[in-house]
Every structure is written in structure tokens, then in C-alpha cells.
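Undergrad: A structural model of the following input is requested.
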Amino acid sequence: MKIIPLRDYILIEPIKEEEKTKSGILLPETAEKERPEQGRVIAVGSGRKTDEGKIIPLDVKQGQLVLFTKYGPNEIKHEDKEYLIAKEEDILAILE
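TA: This next block holds a predicted model:
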């Protein structure tokens, strides 16, 4: 089964932060960690619809690395993999 976002929603695979502190200590998986703020765009919706019915395409494209708001996207789990679904307004920047 494939996830296809609707309208101005974006499917993101979060990039986990390093499992190591700056001083080199490895953190166990059970350690409390911050929610990721970077991810790779897996799929995008068709775009935002204006009041006149015109579709405005999204600025982000599949495969791009993005920076997003920490608590904006919704977490989902699909086929034992974790993803985030965010609105385009939750995307802060495209990372190059």
C-alpha cells in the first residue's frame, strides 16, 4: 500500500538525530530524545486550492531534505516505519 498525501500535505521520513553526544557518549534507544526537525520528502500532495478553485503547486518536491517545525507534523506508522505528515506551512526551509 502507498501513502499519497492530499492537497497541501507532505509525507516526510524523519531523519533521526545522532545517537551520540558531543563528547562521544553513545545514547541508548530508551533515552529520551527530542523529536526530529529534519526529514526527507517522500511524497507531496497536488497543491493548495485557492478560493477561486485554482491549484497552487507546492514549493517542495519529492526527495528534498527539509527543515520543519518541531510539533507541527502528525506522526504516523506505516508498514513498521515512522513518517510525518505536515502541511506546507509547517515546512520552514529546504536544505541543500
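Undergrad: List the residues that contact the residue positioned nearest the centre of the chain.
TA: With distances taken as Cα atoms, centre = their mean, the residue of the chain nearest its centroid is Ile12 (3.1 Å). Ile12 is in contact with 39-42, 66, 68, 73, 83-86, counting by Cβ atoms under 8 Å, 6 or more residues apart in numbering. Quick note: C-beta positions are derived from backbone N, CA and C, even for glycine.
Undergrad: hmm, try it at 7 Å
TA: 39-42, 66, 68, 73, 83-84, 86 (Cβ atoms under 7 Å, 6 or more residues apart in numbering).
Undergrad: Tell me where the model's unsure across this protein.
TA: 17-36 (pLDDT under 70).
Undergrad: Could you measure from the residue nearest to the centre of the chain over to Thr50?
TA: Counting by Cβ to Cβ, to the nearest Å, the separation of Ile12 from Thr50 is 24 Å.
Undergrad: same deal with Leu6?
TA: The value you get for Leu6 to Thr50, if Cβ to Cβ is used, is 16 Å.
Undergrad: now swap in Lys77 and tell me
TA: 33 Å.
Undergrad: go on, Lys81?
TA: Lys81 is 34 Å from Thr50, by Cβ to Cβ.
Undergrad: same deal with Asp90?
TA: 20 Å.
Undergrad: got it, and Phe68?
TA: 23 Å.
Undergrad: Surely Arg7 is in contact with Gly45?
TA: Yes. Counting by Cβ atoms under 7 Å, Gly45 is a contact partner of Arg7 at 4.8 Å.
Undergrad: quick one, which of those two is more surrounded?
TA: The residue with more neighbours, out of Arg7 and Gly45, is Gly45; 19 against 14, by other Cβ atoms under 10 Å.
Undergrad: my read: the more buried one touches Asp8, true?
TA: Yes. Applying Cβ under 7 Å, one finds Gly45 in contact with Asp8, separated by 5.7 Å.
Undergrad: Mutual contacts of these two, please.
TA: Joint contacts of Gly45 and Asp8 (Cβ under 7 Å, 6+ apart) are Leu58.
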